[in-house]
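>>> Have a look; sequence and predicted model below, questions after that.
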Amino acid sequence: MQSKISNLESQIQLKVCGLIKLNQIQELVAMDVDFLGFIFYEKSPRFVLNHLALEQIAEVNHQGKVGVFVNETIEDIIKITGNAKLNYIQLHGDEDENFISELKQKLPDLVKIIKVIRVGNDISEVKKKLAEISNLEYQISNLLFDTDSKAFGGTGKSFDWSMLNELEIPLPYFLSGGISEDNFQQLTSLKQKPIALDINSKFEIEAGNKDLEKIKNFITQIKSP
Ligand SMILES: O=C(O)c1ccccc1N[C@@H]1O[C@H](COP(=O)(O)O)[C@@H](O)[C@H]1O
């Protein structure tokens with residue numbers, strides 16, 4: 001199969017982030033969504049623990065369960081990962097090289113780390129952030145580029161994706177930040193394509209309450225039959 005927006009590479013994958021409703025999660029699993037994102041950041045309006053217990057997340061039978069953390073302690077990440085049976089840890093805050101190395105050592109081997117690079121207007125800042133984690137190629141499985149903001153994420157705002165063409169991106173990456181039906185076509189101009197799109201607030205009725213019809217339509221747009 002071949003993606004409508006990639007070239008000869010494999011089909012682009014989809015992550016739906018900010019999930020809080022069990023029935024919607026089950027529907028997304030049935031729709032073959034590749035990654036399910038759960039936000040473990042108390043200040044987010046999508047803070048999953050206000051709606052679901054760790055045991056309920058653990059019972060979701062899916063290999064792409066991603067826990068999103070913002071400047072959380074290693075101890076809490078480890079505890080939540082085990083109790084919710086997460087497969088990926090998305091570090092969305094200012095976690096540095098030492099933090100990531102220690103976390104990787106303490107996580108079960110099969111749990112992968114996605115490091116978020118928050119992108120503002122200054123390309124040199126982005127290059128600096130990439131350089132800061134350049135020794136971690138074996139500890140991190142993926143990067144995720146999102147729009148920089150005081151809220152850390154979930155703003156619905158996109159950054160200038162053409163900035164990615166100015167970077168050497170050392171790992172397969174997710175693209176995030178205000179992705180919608182209206183802008184994803186601009187991906188065709190990217191030299192190095194993302195392996196996955198991370199959608200969130202542009203596919204909601206309200207924070208955490210996903211618009212499943214809209215997601216279904218989006219899947220048909222980004223993936224070939
Ligand atoms: O969604 C949130 O509330 C959130 C809060 C703090 C950190 C990350 C958060 N979500 C992540 O941000 C991206 C972008 O979301 P959007 O499309 O701009 O709404 C999202 O995919 C999550 O990974």
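Nice, thanks for sending it over.
>>> for Arg118, helix, strand, or coil?
For Arg118, the assignment made with DSSP: H, G, I helix; E, B strand; the rest coil gives strand.
>>> which ones are touching Lys112?
When contacts are counted by CB atoms under 8 Å, 6 or more residues apart in numbering, Lys112 touches Asn87, Tyr88, Ile89, Ser141, Asn142. Any C-beta I mention is one placed from the backbone N, CA and C, and that applies to glycine too.
>>> any idea which helix or strand carries the most centrally placed residue in the chain?
Central residue of the chain (CA atoms, centre = their mean): Asp198, 5.2 Å from the mean position. For Asp198, the host element (DSSP states H and E) is strand 196-199.
>>> what helices or strands is that strand leaning on?
Counting contacts by 3 or more CB pairs under 8 Å, 6 or more residues apart in numbering; DSSP states H and E, strand 196-199 packs against strand 13-16, strand 35-39, strand 173-175, helix 212-222.
>>> Give me the contact status of the very next helix or strand once past that strand with the ligand.
The helix or strand immediately downstream of strand 196-199 is strand 204-206, counting by DSSP H and E. No. Remark: strand 204-206 sits outside contact range of the ligand, by CB under 6 Å from any ligand atom, the gap being at least 8.1 Å.
>>> Please apply the same query to stretch 105-124.
No. If you take CB under 6 Å from any ligand atom as the test, stretch 105-124 misses the ligand, and the best it gets is 7.5 Å.
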